[in-house]
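Participant: give me coordinates for this.
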Amino acid sequence: MSDASQTDRRALLLAHLDSVYALAQAVAPDAERAARLVEDTYVQALATLPPGRPPEDDKRRLLHLMMQVHREQAAFPEPTAEAGAEPPAKAMHAFRRRLAEEIADSALPAVFAALPEAQRLILLLCEVEDFPCSDAAFVLDLDAEAACRRLEQARAAVLAALHEGASAHERRLMESGLPEDWLRHALRRTAAAAFRPAPPSLHPSITRAAEARPPSPPEAPPLEPPPPEPPRLSLPEERLADALPRPAAFGARLGRFALALLLVTAIGLIGYFASRSFERPAETNAVTLSVQKADDVSLTFRTGSPEQAEEFVQGRLGWRLTLPSIDEATLIGVGIREPASGVAVPVFLYEDAGGAATPPIALYVYSYALFDRYRDRIQLEPGILRQIQEEQRFDLHDLGERQVLVWRHRDDIYLAVTSGDAEALRQRIVFPS
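Facilitator: Purely as a prediction, here's the structure:
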């Protein structure tokens with residue numbers, strides 16, 4: 001076959017690439033092995049499939065050949081295959097999970113709106129605001145046990161309503177495909193869509209109303225009877241003169257007493273301020289911690305490829321994430337950093353258009369599950385979580401020399417530390433479609 005004929009033959013077969021790759025993803029455990037399966041299929045197809053067939057016959061034969069290649073590879077796995085790799089039986093797990101979440105997410109707003117007010121409130125406090133039952137009980141004037149019971153009843157009511165309104169196939173998908181923490185994240189997304197943030201005019205109106213109202217006079221402390229006077233020693237009149245100290249001795253004693261009092265006071269103040277410094281709680285604000293550690297990020301893996309950086313993080317941390325690109329900035333690599341003790345997260349460095357003259361943009365990646373797991377060490381303020389509940393919304397912080405941009409993509413939370421304009425950076429963030 002001539003080179004021109006071979007090129008034409010390749011073009012005809014590649015017209016069916018999307019269909020072949022889609023079927024490969026249904027049988028391969030991950031995208032990398034699906035791509036490898038497609039490559040092997042096309043190599044064999046170009047060598048064995050006869051030319052001159054109708055286009056629809058090419059597609060049918062390509063798909064048949066791909067299944068043959070897949071069965072051969074399953075029967076004779078490569079000796080270099082990683083131990084413990086995900087079996088092909090789980091290849092559709094991610095798809096089923098995504099489909100189950102889409103079904104449940106679409107029905108949840110109507111279910112949430114139809115709940116009794118008591119159940120809606122307990123879900124908002126515990127799942128959206130992340131209050132423990134004891135704090136929710138305080139807000140609602142309940143005891144802690146009653147609040148926890150109401151929370152469990154509200155969760156059960158949501159799931160029961162979702163199942164009741166679903167078909168048999170949808171119910172099976174939701175029962176097997178929804179992750180354990182789905183309800184919490186789905187309720188946060190639902191609340192973000194249902195409740196708008198406070199309008200900008202509300203803050204100054206509250207300030208004006210507070211300034212216009214005269215301050216209430218402080219309440220006078222209740223009157224208490226004076227403490228009883230301690231009994232006084234009664235000395236015979238003839239001995240009173242001997243009992244009274246002489247002026248010189250009295251002055252010496254008074255000086256020693258004042259010195260002792262001064263020393264005790266000084267020691268007490270030193271101890272107080274020392275104890276206050278030792279008792280100062282550790283910083284847990286993720287924004288502050290990320291800015292503090294941004295200058296110390298060292299690259300563990302140097303690469304300009306987002307796909308290679310994603311694969312590195314998955315291999316090192318077992319974390320599948322999607323890395324955005326930043327217009328007019330170049331990815332230079334990824335490092336693993338601990339913003340808080342024992343909390344390891346990936347940090348991607350981007351060199352901005354200014355080059356080495358400006359510090360790189362440090363992009364931290366967190367997740368809702370990570371903040372739940374390490375809530376005693378690192379956390380985002382509830383106001384930030386409310387602001388980023390919708391994927392299209394960002395939260396900005398100006399910390400002087402550094403500015404911080406926070407947003408969400410699916411269950412991952414991205415925090416970019418930049419020495420430039422965070423508002424301008426917001427317009428440059430691009431996620432792959």
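
Participant: helix or strand for residue 334, which one?
Facilitator: strand 329-340 (DSSP states H and E).

Participant: can you give me the buried ones in that strand?
Facilitator: By 16 or more other Cβ atoms under 10 Å, the buried positions in strand 329-340 come out as 329, 331, 332, 333, 334, 335, 336, 337, 339, 340. Placement of C-beta: from N, CA and C, glycine included.

Participant: show me what it is packed against.
Facilitator: Counting contacts by 3 or more Cβ pairs under 8 Å, 6 or more residues apart in numbering; DSSP states H and E, strand 329-340 packs against helix 286-294, helix 306-317, strand 343-352, strand 361-367.

Participant: just put the ones you listed in a markdown table and tack on mean pLDDT, distance to residue 65 and mean neighbour count.
Facilitator: Converted to a markdown table, the helices and strands packed on strand 329-340 look like this (pLDDT from 0 to 100; distance: least, Cβ to Cβ, whole Å; neighbours: other Cβ atoms under 10 Å):
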| stretch | mean pLDDT | distance to residue 65 | mean neighbour count |
| --- | --- | --- | --- |
| helix 286-294 | 91 | 50 | 21 |
| helix 306-317 | 91 | 27 | 16 |
| strand 343-352 | 92 | 39 | 21 |
| strand 361-367 | 94 | 40 | 23 |
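
Participant: redo these as JSON lines? Include distance to residue 376.
Facilitator: Below are the helices and strands packed on strand 329-340 laid out as JSON lines (distance: least, Cβ to Cβ, whole Å):
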{"stretch": "helix 286-294", "distance to residue 376": "13"}
{"stretch": "helix 306-317", "distance to residue 376": "20"}
{"stretch": "strand 343-352", "distance to residue 376": "10"}
{"stretch": "strand 361-367", "distance to residue 376": "15"}
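
Participant: right, and those - which one's nearest residue 72?
Facilitator: helix 306-317 (25.9 Å; Cβ to Cβ).

Participant: go ahead and measure how far the strand holding residue 334 is from the middle of the chain.
Facilitator: 17 Å (Cα atoms, centre = their mean, to the nearest Å).

Participant: coming back round to it: and residue 323, which of the helices and strands packed on strand 329-340 is closest to it?
Facilitator: For the helices and strands packed on strand 329-340, proximity to residue 323 was assessed by Cβ to Cβ; helix 306-317 is nearest, at 4.2 Å.

Participant: run through who's touching stretch 130-146.
Facilitator: 118, 121, 122, 125, 126, 147, 148, 150, 151, 382, 385 (Cβ atoms under 8 Å, 6 or more residues apart in numbering).

Participant: leaving aside the residues adjacent along the chain, what's closest to the first one?
Facilitator: Closest residue to residue 118 apart from its sequence neighbours, by Cβ to Cβ, 6 or more residues apart in numbering: residue 150 at 6.4 Å.

Participant: let me know whether the one you found touches residue 125 as I believe.
Facilitator: No - Residue 150 lies out of contact with residue 125 (Cβ atoms under 8 Å); the separation is 10.2 Å.

Participant: let's test this: name the helix or strand in this structure with the lowest mean pLDDT.
Facilitator: helix 240-243 (a mean of 46; mean pLDDT, DSSP states H and E).

Participant: check contacts around residue 331.
Facilitator: For residue 331, the contacting residues are 303, 304, 305, 306, 309, 323, 325, 348, 349, 350, by Cβ under 8 Å, 6+ apart.

Participant: could you redo the last one with a cut-off of 7 Å?
Facilitator: Residues in contact with residue 331 (Cβ atoms under 7 Å, 6 or more residues apart in numbering) are 304, 306, 309, 348, 350.

Participant: neighbours around the first one, how many?
Facilitator: Just to be clear, that refers to residue 304. Residues lying near residue 304 (other Cβ atoms under 10 Å) number 11.

Participant: what angle do the strand holding residue 334 and helix 286-294 make?
Facilitator: 110 degrees (axes from the mean of the first three to the mean of the last three Cα atoms, to 10 degrees).

Participant: quick one: distance of the helix or strand where the residue nearest to residue 118 lies to the chain centre.
Facilitator: Element membership for residue 150, per DSSP H and E: helix 144-164. When C-alpha coordinates are averaged (Cα atoms, centre = their mean), helix 144-164 and its chain have centres 25 Å apart.
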